[in-house]
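Engineer: Here you go, sequence then predicted model.
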Amino acid sequence: MPRPRVLSGVQPTGALHLGNWLGAIRNWVELQDTHDTYVCVVDLHAITVPHDPSQLAADTRSTAALYLACGMDPKRCSIFIQSQVAAHSELCWLLNCVTPLNWLERMIQFKEKSVKQGDNVSVGLLDYPVLMAADILLYDADLVPVGEDQKQHLELARDIAQQRINARFGSKENPVLNVPKPLILKEGARVMSLTDGRSKMSKSDPNEGSRITLLDPPELITKKIKRAKTDPERGLEFGNPDRPETDNLLGLYAILSGQGRDSVAAQCADMGWGQFKPLLAEAAVAALEPIQGRYKELIDHPEELDLVLEQGRQKAEAVANATLNRVRQALGFASRT
């Protein structure tokens, strides 16, 4: 029986941080052993907002290198760059032509991001959920790892596949597209900001002190944790809605130290912040040290990364083109000779 297929990826915009690692990539690493895993760097999504073209390629490769440094194994998964598989853009256009405009206008993230962009909102920003749907549907994914903020996008992909393609151009016995299901991530899925325990850690936060990136040097990690927002109470605990920063920092310590929530809750029940923060900083530095070492090897010797990305592209392209050809045939396009 074939293993269920999983697809995921992140944008190469800004350095990956603890939230990306603990909330997503760490789970992908575990999935490699039980699932047919595809992970990509979604660089086409990165240009839906103003970007620096001189940095895009370097940031894309850096993100791919961090996938490997975090434990993604090219012998057990496929790692590739989205824009190097042309089928993503072509399927996006085909899906555009059957997706109602009002489905996109109601997307929550578009509403939030368009406010920030003002008069500079691009068609791409409105349309990127359809590109995301194309990313998912191209690989006949059975499962898509999603956090709370991505559930609406996966539902859109499912609706497009079921209602706009399969129902109109396929049949119940022979659907054109596979309809994926969400894979809800486990503990650590929501790592919150160091400056606001009620907001998710984000690459787009203008305050760099709000996040610890995977490439931050030890002294900067220690500085950010020392300045992290806390409360005046002594004793650390989980589950108190009035102490979100406490819950977040204690949760980070539980994961980064490898001790688990019950153990650190007991250890830190009577602890003050002056005693706790150095422990958290030490755990974070130790957890990131092997990632940073492996990343440096890949950047210093780029031929290994080049080979991984080329092999990943070839495997991804074979699957993607087969799906694209099914959709083209279902929509009535002339066959390619």
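Structural biologist: The structure has been received and is ready for your questions. Residues are numbered from 1 along each chain as shown.

Engineer: What residues sit buried inside the strand or helix carrying Gly274?
Structural biologist: Secondary structure assignment for Gly274, by DSSP states H and E: helix 273-300. The neighbour-count check on helix 273-300 (16 or more other C-beta atoms under 10 Å) flags 273, 276-277, 279-285, 287-288, 291-292, 294-295, 298 as buried. Using the backbone N, CA and C atoms, a C-beta is placed for each residue, glycine as well.

Engineer: and the residue nearest in space to the middle of the chain, what are its bridge partners?
Structural biologist: With distances taken as C-alpha atoms, centre = their mean, the residue of the chain nearest its centroid is Val10 (3.9 Å). Counting by DSSP bridges, Val10 is bridged to Val41.

Engineer: in terms of contact, does it touch Thr63 like I think?
Structural biologist: Yes - under the criterion of C-beta atoms under 8 Å, Val10 makes contact with Thr63 at 6.6 Å.

Engineer: hey, what's in contact with both of these two?
Structural biologist: Common neighbours of Val10 and Thr63 (criterion: C-beta atoms under 8 Å, 6 or more residues apart in numbering): Leu16, Val41.

Engineer: how far away is the residue nearest to Leu194 when sequence neighbours are not counted from Gly19?
Structural biologist: Closest residue to Leu194 apart from its sequence neighbours, by C-beta to C-beta, 6 or more residues apart in numbering: Ala228 at 4.1 Å. To Gly19, Ala228 is 14 Å away according to C-beta to C-beta, to the nearest Å.

Engineer: Please apply the same query to Leu31.
Structural biologist: 18 Å.

Engineer: re the thing from before, name the helices or strands packed onto the helix holding Gly274?
Structural biologist: Counting contacts by 3 or more C-beta pairs under 8 Å, 6 or more residues apart in numbering; DSSP states H and E, helix 273-300 packs against helix 53-69, helix 218-226, helix 244-257, helix 302-331.

Engineer: To Arg158, which of these lies closest?
Structural biologist: Evaluated with C-beta to C-beta, those place helix 302-331 nearest to Arg158, the distance being 15.6 Å.

Engineer: which strands and helices sit next to that closest one?
Structural biologist: With 3+ C-beta pairs under 8 Å, 6+ apart as the test, helix 302-331 has strand 36-41, helix 53-69, strand 77-81, helix 87-96, helix 123-138, helix 273-300 packed against it.

Engineer: what's the angle from it to helix 123-138?
Structural biologist: 90 degrees (axes from the mean of the first three to the mean of the last three C-alpha atoms, to 10 degrees).

Engineer: Looking at helix 302-331 now, give me its mean pLDDT.
Structural biologist: Averaging pLDDT along helix 302-331 yields 97.

Engineer: rewinding a little: okay if I get the helices and strands packed on helix 273-300 as JSON lines plus mean neighbour count and distance to Ile165?
Structural biologist: Below are the helices and strands packed on helix 273-300 laid out as JSON lines (neighbours: other C-beta atoms under 10 Å; distance: least, C-beta to C-beta, whole Å):
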{"stretch": "helix 53-69", "mean neighbour count": "18", "distance to Ile165": "30"}
{"stretch": "helix 218-226", "mean neighbour count": "17", "distance to Ile165": "46"}
{"stretch": "helix 244-257", "mean neighbour count": "21", "distance to Ile165": "40"}
{"stretch": "helix 302-331", "mean neighbour count": "17", "distance to Ile165": "7"}
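
Engineer: Now distance to Ile184 too, for the ones you listed, in CSV please.
Structural biologist: CSV is the format used below for the helices and strands packed on helix 273-300 (distance: least, C-beta to C-beta, whole Å):
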stretch, distance to Ile184
helix 53-69, 21
helix 218-226, 29
helix 244-257, 17
helix 302-331, 25
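
Engineer: what's the closest of those helices to Trp93?
Structural biologist: helix 302-331 (10.7 Å).

Engineer: Give me the distance from the closest one to the chain's centre.
Structural biologist: 20 Å (C-alpha atoms, centre = their mean, to the nearest Å).

Engineer: got it, and stretch 260-278?
Structural biologist: 30 Å.

Engineer: Endpoint to endpoint, it covers what distance?
Structural biologist: 18 Å (C-alpha to C-alpha, to the nearest Å).

Engineer: Can you pull out the residues in contact with it?
Structural biologist: For stretch 260-278, the external contacting residues (C-beta under 8 Å, 6+ apart) are 187, 222, 225-226, 228, 230, 234-238, 249-251, 253-254, 257, 259.

Engineer: Leaving out chain neighbours, which residue sits closest to Met201?
Structural biologist: Gly19 (3.7 Å).
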